[in-house]
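A.B. asks: I'd like to go over a predicted model; first the sequence, then the structure.
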Amino acid sequence: MPAFGELSAADRELALLEAVFTHAPVGLAYWDGALRYRRINEALAAINGRPVEEHLGRTPSELLGSLGAEAERHMGAVLESGRPVLDRSVRGDPAGGAVDRHFVASYYPVVEAGGAVIGVAAAVTEVTAQQTAEAERVDLLKSALAARALAEAAQIRSELAQDDAEAARARTELLVEAEARMSASMDYATTLEAVARAVVAAVADWCVIALAETPRGEFRSVAVAHVDPVRQAQLRAATDDSEQRAMLEALGLEHALVVPLRTADREMGSLTLSLSDAHRRFAAEAVGLAETIASRAALHIRNAQLYTERSHIAHTLQASLLPHALPDVPHVEVAARYQAAGDQNEVGGDFYDVYPGEDGSWWALIGDVTGKGPEAAALTSLARHTLRSSAAHDTSPAANLRMLNRAMLADTRSTRFATVVCARILPAEGRARVTLAVGGHPPPLVLHADGRLEAVDVRGTLVGALPAPSFADVEVELEAGDLLLLYTDGVIELRTPDPGYGERRLRETVADQAGRPVEEVLEAVLASAVDVRGRRPRDDIALLGLRVCPAA
Amino acid sequence: MDASTAARLTANEHRFRAVNERLEGDVRAVTAEDERIGFVCECSLTSCRQSVSLTPVEYRELRSSEDRFAVVPGHELLEIERIVGRAAGYVVVEKLAD
């Protein structure tokens, strides 16, 4: 083959075109009017997976099947129209493999000098790598968007769960607070007012707690709460007024939830919640909360009612164990004090009594039965009435205590015992002779008119504890102005670290009272004992004072 | 189930619908009509983290009704909605009237 420089000019042009065609990095081919390959470069032959020679003289459909047929449609259009068909996407593997390949093909007419279309040429570029990259980018984009949507949904669900948890926590707090309020007080009207306010703050616009308190079942509201203070006043008036309906309508109530106040044995009333907004509804959680509150409130009311009943019974019983009024004892000024300790619905065991004897004498008692409650009350009653009865038969206080000891031991229902001071008084003008016996009780004090204070030297065993008790009569002469003080151990057992403090304090208090009326002396002693105990005694206190009046 | 709870649950499902509508708008230009897209389950369960696959055509048909939602089978709440359609991987529920 001659060198390029030795060729003619025309041959050099032809050789140059041949080189461009052959070595172009894009696929190039030329088909005649019958769409047979006349020329194809190496690049396109490689795309098709066949040598150049295999193409020549054959049509695309003969070589490439459906991909060739598709190309022939475009080439037919070019031949028919004389216009190019550009940038057609082709997808498939011309080499017959299963690889997903992408190409861009442009077809254009080959026109001779006279203007006739004599064939079709095409330029084909493989864009598989670009297409794959674009598809991956789109897939990544879609995955990212889907992940963002899931994250947004998760955030929403998290907020909803948080809202639910917050609402549940608020309901629990409300219940705990209501429970605490109801546990801390027996004043159910005040307590339920606070509970109603808490309920309103949580789940409703207003709340009324009403009790059926009459035989006909008429309701009386005991607690009323509304979110709006003005309407609170209206509501309070409406629930107790005969024009209830009109007033309630004026409040603009739209939804109501009524829950019975019910205990195991009775229907007690109702808890009513209402909403003023027609678009709001009571959620299931609000209904559950109302039911729980109603249940606790019913129990609270019932407990408070029972407590009040027990307290009334206890007060009545306690009063029956003490003299209704102290008698007028000739020549003697008499006074008494009683203060119960602790729970007011329990009967204490302290007692005192003053009553006339058969022979012009008078009897004074003070005692303390162990324990509290109905059994202590029964024993207290036994002690008082046994001593009253025995006094009619025996003038010896010690003998009376022995009688009581036998009676208590005979009462097999009780294992309790008592401490008692039993005194027989023979009063006269300006003086009195006192015979007394003590059963396990602190010795009485005598405050003389001149200020001297002494404890009566008398001892005795507990009453009701031993079958052979030891009691002895001791005589005490009182002059005008002298005071005999009987007291129970609640006065001196002050529960301080110093075991002797209570007795010393009593003696100091009494010693300062010389010459003062018995009432004032007892008040001073009571105030002293209660003050030390922080305003309320921890044990019952009974005081009985007898003072010989001056001679006329 | 009371009306308040039902309204709250329905409101929740509308929040998930808004998420899906945004997703559909974002992927519309790069998704073929028959291609499946992973939309979030539009149920009211707070513990749900699942998705449902719908084509754009199916999604547009679902969205043609205000009261219809796509949820994972088993996530329907029959107290507030009824099932009106079933497809591979999801059910279409419709809110019950108040």
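C.D. replies: Perfect, thanks for sending it. Predicted model, so just to flag it, every value in this text is computed and none were measured. Numbers count the residues shown, from 1 in each chain, chains lettered A, B, ... in the order given.

A.B. asks: Going by C-alpha atoms from here, please, whenever you check contacts or count neighbours.
C.D. replies: Noted.

A.B. asks: Report the mean per-residue pLDDT for the lengthiest helix in chain B.
C.D. replies: The helix spanning the most residues in chain B, taking DSSP state H as the definition, is helix B:3-27. For helix B:3-27, mean pLDDT is 81.

A.B. asks: How about stretch A:48-63?
C.D. replies: Mean pLDDT, computed over stretch A:48-63, is 95.

A.B. asks: tell me which residues in it are buried?
C.D. replies: The neighbour-count check on stretch A:48-63 (16 or more other C-alpha atoms under 10 Å in any protein chain shown) flags A:48, A:52, A:55, A:58-61, A:63 as buried.

A.B. asks: Run through the stretch 201-350 of chain A and note the low-pLDDT ranges.
C.D. replies: Under the criterion pLDDT under 70, the flagged ranges of the stretch 201-350 of chain A are A:214-219, A:229-252, A:278-280, A:342-345.

A.B. asks: Where does it get nearest to chain B, residue-wise?
C.D. replies: Closest to chain B within the stretch 201-350 of chain A is residue A:281: 4.7 Å, counting by C-alpha to the nearest C-alpha.

A.B. asks: three-state assignment of that residue?
C.D. replies: Using DSSP: H, G, I helix; E, B strand; the rest coil, the structure places residue A:281 in coil.

A.B. asks: picking that back up, skip ahead from the longest helix of chain B and say which helix or strand is next.
C.D. replies: Note on helix B:3-27: by DSSP states H and E, the next helix or strand toward the C-terminus is strand B:37-40.

A.B. asks: That following strand near chain A at all?
C.D. replies: Yes: residues of strand B:37-40 contacting chain A under C-alpha under 8 Å from any C-alpha of the partner chain: B:37-40.

A.B. asks: Is it possible to get a markdown table of the residues you listed that adds distance to residue A:513 and neighbour count?
C.D. replies: Listed next are the residues of strand B:37-40 next to chain A as a markdown table, based on distance: C-alpha to C-alpha, whole Å; neighbours: other C-alpha atoms under 10 Å in any protein chain shown:
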| residue | distance to residue A:513 | neighbour count |
| --- | --- | --- |
| B:37 | 100 | 22 |
| B:38 | 97 | 21 |
| B:39 | 94 | 27 |
| B:40 | 91 | 28 |
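
A.B. asks: which residues does residue A:102 contact?
C.D. replies: Residue A:102 makes contacts with A:89-92, A:126-128, A:131, as judged by C-alpha atoms under 8 Å, 6 or more residues apart in numbering or on different chains.

A.B. asks: what's the pLDDT at it?
C.D. replies: 95.

A.B. asks: how close does it get to chain B?
C.D. replies: 18 Å (C-alpha to the nearest C-alpha, to the nearest Å).

A.B. asks: For stretch A:407-422, give me every contacting residue.
C.D. replies: A:363-371, A:375-376, A:379, A:382-383, A:386, A:397-398, A:400-401, A:436-441, A:462-465, A:467, A:486.

A.B. asks: among the residues you listed, which are in helices?
C.D. replies: Counting by DSSP H, the part of the contacts of stretch A:407-422 found in helices is A:375-376, A:379, A:382-383, A:386, A:397-398, A:400-401.
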